[in-house]
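[1] generate a structure from the sequence data that follows.
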Amino acid sequence: MGKITTVYFGLNLSKYDGEKWNAKVAEFKKAVEENGSARASWSCDGRTRHMIQSEILKEALPEYEFEIDYMTYGCLAKKR
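    This next block holds a predicted model:
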């Protein structure tokens, strides 16, 4: 297995941010489709906020399987 791509969503970017959000989701989706999986990361304070952002992304992309880990700030999506 090769290196997993990480897509950085910036500071607290979420579905409430319109086109910026849509562009990042498209970039993330492309990474998953091309590589079979990808990580998402936000520059936010605290694990809880990162987990909330991860859950919002998971909700936006139900076609993928997500592994979200509170303790490690993990957000990994895989093709089903």
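[2] who's in contact with the residue minimising distance to the centre of the chain?
    Nearest residue to the geometric centre of the chain (CA atoms, centre = their mean): A40, 3.2 Å. Counting by CB atoms under 8 Å, 6 or more residues apart in numbering, A40 makes contact with 6-7, 9, 28, 53-54, 57, 75, 77. Where C-beta positions appear, they are placed from N, C-alpha and C, glycine not excepted.
[3] hmm, which of those are the buried ones?
    Buried members of the contacts of A40, scored by 16 or more other CB atoms under 10 Å, are 7, 9, 28, 53-54, 57, 75, 77.
[4] hmm, Q53 is touching K15, no?
    No. Q53 lies out of contact with K15 (CB atoms under 8 Å); the separation is 9.7 Å.
[5] against which helices or strands is the lengthiest helix in the chain packed?
    Looking across the chain with DSSP state H, the single longest helix is helix 19-35. Packing partners of helix 19-35 (3 or more CB pairs under 8 Å, 6 or more residues apart in numbering; DSSP states H and E): strand 5-8, strand 37-41, helix 47-60, strand 74-79.
[6] could I have it exported to PDB, CA atoms only?
    Provided in PDB are the C-alpha atoms of helix 19-35 (Å, rounded to 0.1, in the frame of the first residue of the first chain):
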ATOM      1  CA  GLU A  19     -18.200  26.900  -2.400                       C
ATOM      2  CA  LYS A  20     -15.000  26.700  -0.500                       C
ATOM      3  CA  TRP A  21     -16.400  23.600   1.200                       C
ATOM      4  CA  ASN A  22     -17.600  22.100  -2.000                       C
ATOM      5  CA  ALA A  23     -14.200  22.600  -3.700                       C
ATOM      6  CA  LYS A  24     -12.400  20.800  -0.800                       C
ATOM      7  CA  VAL A  25     -15.000  18.000  -0.800                       C
ATOM      8  CA  ALA A  26     -14.400  17.500  -4.500                       C
ATOM      9  CA  GLU A  27     -10.600  17.500  -3.900                       C
ATOM     10  CA  PHE A  28     -11.100  14.900  -1.100                       C
ATOM     11  CA  LYS A  29     -13.400  12.800  -3.300                       C
ATOM     12  CA  LYS A  30     -10.900  12.800  -6.100                       C
ATOM     13  CA  ALA A  31      -8.100  11.600  -3.800                       C
ATOM     14  CA  VAL A  32     -10.200   8.800  -2.500                       C
ATOM     15  CA  GLU A  33     -11.200   7.700  -6.000                       C
ATOM     16  CA  GLU A  34      -7.700   7.800  -7.300                       C
ATOM     17  CA  ASN A  35      -6.000   6.200  -4.300                       C
END
